[in-house]
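S.K.: Sequence and predicted structure are below.
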Amino acid sequence: MAVPKKKISKSRRDMRRSHLALVAVNFVPCPNCGSEKLPHHVCASCGMYNGRRILAIKQAEEI
């Protein structure tokens, strides 16, 4: 079984893990409808991407 020859210091261990931190999701407003969406993704509320209709979204009727 493999066993480390020397103890890894807390500093070296933490430097190795420095890129593992969670990053907050970045939302941008849709230029067509203004709702929040992920960049470079189709808008879920209006179905537009890059000025073109990609998805046909049914609008909910108000009662």
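M.R.: Nice, thanks for sending it over.

S.K.: from here on, contacts and neighbour counts on C-alpha atoms
M.R.: OK.

S.K.: How much space separates the residue nearest in space to the middle of the chain from residue 56?
M.R.: The C-alpha lying nearest the average C-alpha coordinate of the chain belongs to residue 25 (Cα atoms, centre = their mean; 4.5 Å). Distance, residue 25 to residue 56, using Cα to Cα, to the nearest Å: 26 Å.

S.K.: Could you do residue 42 as well?
M.R.: Distance, residue 42 to residue 56, using Cα to Cα: 11 Å.

S.K.: neighbour count winner among the two?
M.R.: Ranked by neighbour count (other Cα atoms under 10 Å), residue 42 and residue 56 place residue 42 first, with 18 against 10.

S.K.: Which strand or helix spans that one?
M.R.: Here residue 42, judged by DSSP states H and E, is contained in no helix and no strand.

S.K.: contacting residues around it?
M.R.: 48, 49, 54, 55 (Cα atoms under 8 Å, 6 or more residues apart in numbering).

S.K.: Report the beta-bridge partners for the second one.
M.R.: In this structure, residue 49 bridges to residue 52 when assessed by DSSP bridges.

S.K.: Check whether it really touches residue 41, as I assumed.
M.R.: Yes. Between residue 49 and residue 41 a contact is recorded at 6.9 Å, counting by Cα atoms under 8 Å.
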